[in-house]
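Undergrad: One predicted model, sequence on top.
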Amino acid sequence: MEKIENGQAATIIEEQQKVCKRCKITFTPTSNNSSACRFHPSFFVCRRHDDQKRYYELGPDDPPYAAKFYDCCGAEEPEASGCTTSFHISYDNDA
Ligand SMILES: [Zn+2]
Ligand SMILES: [Zn+2]
């Protein structure tokens, strides 16, 4: 008959929660995968779109600098979910 030591078998491993340097979301290392982190690889800019990359149609009364968007994908909301996914980056990994 097997003897199970009480407490040993049911040890709950508390995962260390980390904060992603990029998206500021709390994550655990085991939940981190190549699609866990959604972000924009480029900056949110305030300028006119390149003519080749027209994501924003300016109205007739809009000044040309009215366009605000992510340079990477053209998302026009600062809160727009990322267009790229990758692993979360923890502050610990920086060293
Ligand atoms: Zn992240
Ligand atoms: Zn983007």
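TA: Received it, and whenever you're ready, just let me know what you need. Ligands and ions are numbered 1, 2, ... in the order given.

Undergrad: The spatially closest residue to Tyr91 that is not a sequence neighbour and ligand 1: what is the separation?
TA: Of all residues not flanking Tyr91 in the chain, Lys21 sits nearest, at 5.5 Å (Cβ to Cβ, 6 or more residues apart in numbering). Backbone N, C-alpha and C define where each C-beta goes, glycine included. Look at Lys21 and ligand 1: by Cβ to the ion, to the nearest Å, they are 7 Å apart.

Undergrad: Ligand 1 contacts on this protein?
TA: By the rule Cβ under 5 Å from the ion, the part of the chain lying against ligand 1 is Cys20, Arg22, Cys23, Cys37, His88.

Undergrad: who's in contact with the third one?
TA: Contact partners of Cys23, counting by Cβ atoms under 8 Å, 6 or more residues apart in numbering, are Cys37, Arg38, Phe39, Gly82, His88.

Undergrad: Surely the second one and Ala80 touch.
TA: Just to be clear, that refers to Arg38. No - if you go by Cβ atoms under 8 Å, Arg38 and Ala80 don't touch, sitting 9.9 Å apart.

Undergrad: Under the pLDDT cut-off, which ranges of the chain? List them.
TA: Low-confidence segments of the chain (pLDDT under 70): 1-13, 48-60, 62-66, 93-95.

Undergrad: Kindly report the residues of it close to ligand 2.
TA: So the chain meets ligand 2 at His40, Tyr70, Cys72, Cys73, Cys83 (Cβ under 5 Å from the ion).

Undergrad: Disregarding residues adjacent in the polypeptide, which is nearest to Asn32?
TA: That would be His88: by Cβ to Cβ, 6+ apart, it lies 4.9 Å from Asn32.
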